[in-house]
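Visitor: what follows is a predicted structure for the sequence shown.
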Amino acid sequence: MRRRTFVTALGAAAAAGTLPVVGAGNAAAAAPLIASTLTGRDPAASPNARAVYAHLVKLENNARSGKQPMTIIGQHIETQNELYNPGYGDAGGTTHSGYYYGKARDITGKLPGFLEIDLGPGYGAAGGWGRYEDRSYNRPLGLPSGQRQWQYADDAVDIAAGVWKGLPRAADGTYNPGGVMVRGDGTSATLANGGAAAGIVGMSFHQPYPGSPLKDFSRVLTQVAGRHPGDEAGYPVATVTTDQAWFDRVVDWESNTPEYRALLADLGVLAASLSYFAAYDIPVLLRPYHEMNGGWFWWGGRTPAGYRKLWRITYDYLVKTKGLHNLIFAWSPNAWNPQGTDVPSAYYPGADLVDVVGVDDYNPYGSDLTHVYYTGLAGYAKPRMLAETFNVPITASGSNALTRSPWVIWNVWGSGLSNTSINTNADVKATYYATDQVHTGGSGTGFGQNFAWGSLHAH
């Protein structure tokens with residue numbers, strides 16, 4: 001997540017294998033229809049992943065043709081902040097994983113149609129990967145166990161599985177039929193959706209720099225001259241400078257560098273959670289290494305060629321080495337210069353490695369910049385999502401960003417949903433009650449083995 005617009009210097013789009021970009025002056029309906037299928041990228045794509053992606057393509061083509069465009073309203077949850085950050089959100093943090101997923105229901109009586117969880121570091125110096133060793137997918141990793149601060153990512157995985165499949169879960173007994181999660185340390189919590197919601201799920205990846213001994217969010221951010229933001233707060237002084245030369249070693253698979261091996265170790269943590277979803281054919285819209293055109297994350301602001309190499313390594317490891325075929329890959333740069341229509345296309349990994357294109361846009365709602373990004377991404381011939389924003393698209397005063405820009409998914413970030421300086425409860429209700437434009441979450445036993453989009457309804 002980032003809250004500023006970044007002006008990017010573009011490389012040659014042809015070198016990145018990108019498609020022509022549709023200018024902001026072109027209407028969405030004028031964009032050609034797309035024929036993307038998931039099996040074109042991954043012939044072994046799982047049945048449910050194919051079904052979800054086919055529907056995203058259908059929503060995209062409906063928008064391009066002007067045929068009743070619909071948008072899935074989504075919600076991101078930051079479980080590490082929900083659990084451990086006393087200054088976070090409207091409840092002052094220290095609530096429970098999935099608080100802001102359930103918050104939409106508290107305000108509107110409805111749930112989001114898309115839930116994005118985060119696999120990333122813990123909160124504060126006590127934080128780690130947020131994993132707990134009693135889960136089957138964690139055991140081979142040998143991660144520390146018995147600490148509550150190592151559990152939040154597992155909690156998020158449980159919530160996402162529940163959103164797709166419903167409960168009870170027969171997988172490893174982490175929920176009873178009433179939707180109560182039993183944690184490894186003896187504590188318990190009720191799943192925020194009540195154990196019955198259904199929707200599609202995604203995952204972002206805030207990875208600390210490869211090789212970092214401290215898996216904290218501060219280690220996701222760029223280090224300068226051997227120090228890191230947060231060092232002054234009591235963290236050990238960082239010993240690695242994440243500059244371009246270091247980054248080049250991270251992606252130097254040809255030399256099998258120590259930095260490259262550290263990257264694979266971290267990707268193993270990501271693959272472990274994804275493999276749990278794959279075992280039950282739960283599709284995951286995976287959004288790794290976002291906002292690469294900015295300079296705040298260790299993977300950001302690097303050479304486009306190096307970034308594309310990082311994406312290729314990650315893709316090959318997850319799909320080819322680990323055999324994960326339940327994934328839908330989403331690429332989302334940060335909001336670019338609104339004075340032009342230039343997407344940071346030099347960073348585009350390529351049509352054969354990306355399924356969904358998007359943008360992280362934290363510009364003020366009234367600036368009407370969303371349409372610039374929406375039209376700028378049209379030429380990629382992929383479903384388009386607003387991957388991160390604080391704002392809901394429809395307000396109580398009558399503003400409606402979806403009229404011009406019917407993204408297939410509009411994903412609200414964390415506590416922004418109920419931050420009244422951004423969205424009033426009336427605004428959230430206006431969005432969730434717009435049943436002719438917005439899909440909310442279904443209520444039932446989940447998609448399970450028989451995917452039917454009718455479970456994801458607007459009523």
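Guide: Structure received. Here the structure is a predicted model, which means the values were calculated and not measured.
Visitor: which residue ranges of the stretch 251-400 of the chain form helices?
Guide: For the stretch 251-400 of the chain, applying DSSP state H, counting those that start in this stretch gives helices covering 258-279, 304-315, 370-376.
Visitor: list just the one of these that sits closest to Trp336.
Guide: helix 370-376 (7.6 Å; C-beta to C-beta). The way it works is simple: take the backbone N, C-alpha and C, and place the C-beta from them, glycine included.
Visitor: that closest one: how far from the chain's middle?
Guide: Relative to the centre of its chain, helix 370-376 is centred 19 Å away, using C-alpha atoms, centre = their mean, to the nearest Å.
Visitor: check which helices and strands it sits against.
Guide: Judged by 3 or more C-beta pairs under 8 Å, 6 or more residues apart in numbering; DSSP states H and E, the packing partners of helix 370-376 are strand 384-389.
Visitor: what residues does whichever helix or strand comes after the strand it packs on touch?
Guide: From strand 384-389 onward toward the C-terminus, using DSSP states H and E, the following helix or strand is strand 409-413. With contact meaning C-beta atoms under 8 Å, 6 or more residues apart in numbering, strand 409-413 is reached by 1, 56, 71-76, 112, 114, 116, 202, 285, 358, 385-393, 402, 423.
Visitor: angle of strand 409-413 against strand 384-389?
Guide: 10 degrees (axes from the mean of the first three to the mean of the last three C-alpha atoms, to 10 degrees).
Visitor: what packs against the helix or strand just after strand 409-413?
Guide: Using DSSP H and E, the helix or strand that follows strand 409-413 in sequence is helix 425-432. On a contact count with 3+ C-beta pairs under 8 Å, 6+ apart, helix 425-432 meets helix 99-108.
Visitor: ok, Leu83 touching Gly98?
Guide: No. In this structure, Leu83 is not within contact of Gly98 by C-beta atoms under 8 Å, at 10.2 Å.
Visitor: could you check which helix or strand contains Thr94?
Guide: Under the criterion DSSP H and E, no helix or strand holds Thr94.
Visitor: residues contacting it?
Guide: Counting by C-beta under 8 Å, 6+ apart, Thr94 touches 83-86.
Visitor: run a quick neighbour tally on the closest residue to Ile394 other than its chain neighbours.
Guide: Counting by C-beta to C-beta, 6 or more residues apart in numbering, Thr431 is the residue found nearest to Ile394 once chain neighbours are left out, at 4.4 Å. Per other C-beta atoms under 10 Å, the neighbour tally for Thr431 reads 29.
Visitor: repeat that for Gln68.
Guide: Gln68, neighbours per other C-beta under 10 Å, totals 11.
Visitor: tell me the pLDDT at it?
Guide: Per-residue pLDDT puts Gln68 at 89.
Visitor: pretty sure it is touching Leu59, no?
Guide: No. Proximity of Gln68 to Leu59 does not meet the contact threshold set by C-beta under 8 Å, at 9.9 Å.
Visitor: most tightly surrounded among the helices of the stretch 251-400 of the chain?
Guide: Highest mean neighbour count of these: helix 370-376, a mean of 23 (counted as mean count of other C-beta atoms under 10 Å).
Visitor: show the average pLDDT along that helix.
Guide: 90.
Visitor: over to stretch 42-59?
Guide: Per-residue scores along stretch 42-59 average to 94.
Visitor: how about stretch 164-178?
Guide: 59.
Visitor: again with stretch 397-414
Guide: For stretch 397-414, the per-residue pLDDT averages 94.
Visitor: and the pLDDT at the spatially closest residue to Tyr433 that is not a sequence neighbour?
Guide: Closest residue to Tyr433 apart from its sequence neighbours, by C-beta to C-beta, 6+ apart: Thr108 at 7.0 Å. You'll see Thr108 listed with a pLDDT of 93.
Visitor: can you check the one 5 residues further on too?
Guide: Per-residue confidence (pLDDT) for Gly113: 92.
Visitor: ok, it - contacts?
Guide: Counting by C-beta under 8 Å, 6+ apart, Gly113 touches 72-74, 199-200, 439-442, 456.
Visitor: can you redo the residues you listed as a markdown table with distance to Leu353?
Guide: What follows is the contacts of Gly113, written out as a markdown table (distance: C-beta to C-beta, whole Å):
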| residue | distance to Leu353 |
| --- | --- |
| Ile72 | 23 |
| Ile73 | 27 |
| Gly74 | 23 |
| Gly199 | 26 |
| Ile200 | 21 |
| His439 | 27 |
| Thr440 | 31 |
| Gly441 | 29 |
| Gly442 | 31 |
| Leu456 | 27 |
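Visitor: these: which two are farthest apart?
Guide: It's Gly74 and Gly442 that sit farthest apart of the contacts of Gly113, by C-beta to C-beta, at 13.9 Å.
Visitor: neighbour count: these two, which is higher?
Guide: When Gly74 and Gly442 are compared for neighbours, Gly74 comes out ahead with 31 against 25, by other C-beta under 10 Å.
Visitor: isn't there a strand covering that one?
Guide: Yes. Counting by DSSP: H, G, I helix; E, B strand; the rest coil, Gly74 is part of a strand.
Visitor: the closest residue to it other than its chain neighbours pairs with what?
Guide: Nearest residue to Gly74, sequence neighbours excluded (C-beta to C-beta, 6+ apart): Phe114, at 3.3 Å. Note on Phe114: beta-bridge partners by DSSP bridges are Gly74, Ile200.
Visitor: who touches Phe114 in this structure?
Guide: By C-beta under 8 Å, 6+ apart, the contact list for Phe114 reads 72-75, 199-202, 285, 409, 411.
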